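Engineer: attaching a predicted model along with its sequence, questions to come.
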Amino acid sequence: MIDLHAMLPALKSLARDAGRAILDVYRGDFAVTRKDDASPVTEADLRAEAIILAGLGKIAPDIPVVSEEAMSAGAEVDVSGGRFWLVDPLDGTKEFVKRNGEFTVNIGLIWEGRPRLGVLYAPVLDRLFAATPEGATLEENGEPPRRIACRRTPGRGLTVLSSRSHRDPAQFDSFVQPFHVAEIRHSGSSLKFALIAAGEADLYPRFGRTMEWDTAAAHAILDAAGGCLSLPDGRPLTYGKPGFANPSVVAWGTPTPDVR
């Protein structure tokens, strides 16, 4: 049996190491190339992935790793054992290129189709979110980890998050219309899921394709904080799907989806 709590400190350190490598690139001049799917990739993505893959190989050498850039390069990973890592070394490359700071390092452990362990680090903001099934924490401003949890719905209405770079306005507006919305905020990367886990927002509908490595770490954190991640119709999001592609998803600050 894997001791998830024992793994967490090493995973946090690994995410910070990857974050430092990303910032080294971010602070200088860098080139942007395009992958086969036209999405951007930079030296920061590749450096961070190399650090994480090497680290996971030491932390848990028997657990296979599905990582974004390796998969884009044609890697094949057998996840039939039901236990595997999902890694996005730099989620929000478009935000990285825009230099707005809204990008993250993501490491998630999937066990029997569900996220069980997650670390999400925003290097520019120096916010590190982490979770096991027993709870979620946030480290920031050099302070010790503190427990975080989704908040009760504010009386003034929901704070709804919207993707800064990936948005279908018609679907988004239709989905949120039944809810009492106080504010809509635009943000980048998987950080949006973590903001709901920290009680800083309430709802995030994401229409369009994502990949499992985009959501795994944040999903673990959201679940541990008392929220959930589902399909728009309320069905659960599972992992280990062929091709590792997700359909549209919705992040909720409630334990069960509030489908209307």
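Structural biologist: Arrived safely, thanks for sending. Numbering: from 1, shown residues only.
Engineer: which residues does stretch 95-106 contact?
Structural biologist: The contact list for stretch 95-106, computed with Cβ atoms under 8 Å, 6 or more residues apart in numbering, reads 15, 18-19, 22, 26, 32, 40, 42, 44, 48, 52, 86-93, 118-125, 164-165, 187-191, 194, 213-214, 216-218. C-beta coordinates here come from the backbone N, C-alpha and C atoms, glycine included.
Engineer: ChimeraX command to pick out the buried ones of those residues?
Structural biologist: Entered in ChimeraX, the line below selects the buried ones among these, by 16 or more other Cβ atoms under 10 Å:
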select :15,18,19,22,26,42,44,48,52,86,87,88,89,90,91,92,93,118,119,120,121,122,123,124,164,187,188,189,190,191,194,213,214,216,217,218
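Engineer: of the contacts of stretch 95-106, which belong to strands?
Structural biologist: 32, 40, 42, 86-91, 118-122, 187 (DSSP state E).
Engineer: which of the residues you listed sit farthest apart?
Structural biologist: Using Cβ to Cβ, the ones in strands among the contacts of stretch 95-106 span at most 27.8 Å, a distance reached by 32 and 118.
Engineer: surely residue 11 forms part of a helix?
Structural biologist: Yes - secondary structure of residue 11 (DSSP: H, G, I helix; E, B strand; the rest coil): part of a helix.
Engineer: just confirm residue 2 is within a helix.
Structural biologist: No - using three-state DSSP, the assignment for residue 2 is coil, not a helix.
Engineer: residue contacts, it?
Structural biologist: By Cβ under 8 Å, 6+ apart, the contact list for residue 2 reads residue 60.
Engineer: now name the helix or strand holding residue 256.
Structural biologist: For residue 256, there is no host helix or strand (DSSP states H and E).
Engineer: please name the nearest non-neighbouring residue to it.
Structural biologist: Using Cβ to Cβ, 6 or more residues apart in numbering and skipping the chain neighbours, the partner closest in space to residue 256 is residue 228 (6.3 Å).
Engineer: who's the one you found bridged to?
Structural biologist: Beta bridges link residue 228 to residue 252, judged by DSSP bridges.
Engineer: per-residue confidence at it?
Structural biologist: pLDDT for residue 228: 98.
Engineer: what about it, neighbour count?
Structural biologist: By other Cβ atoms under 10 Å, the residues close to residue 228 number 22.
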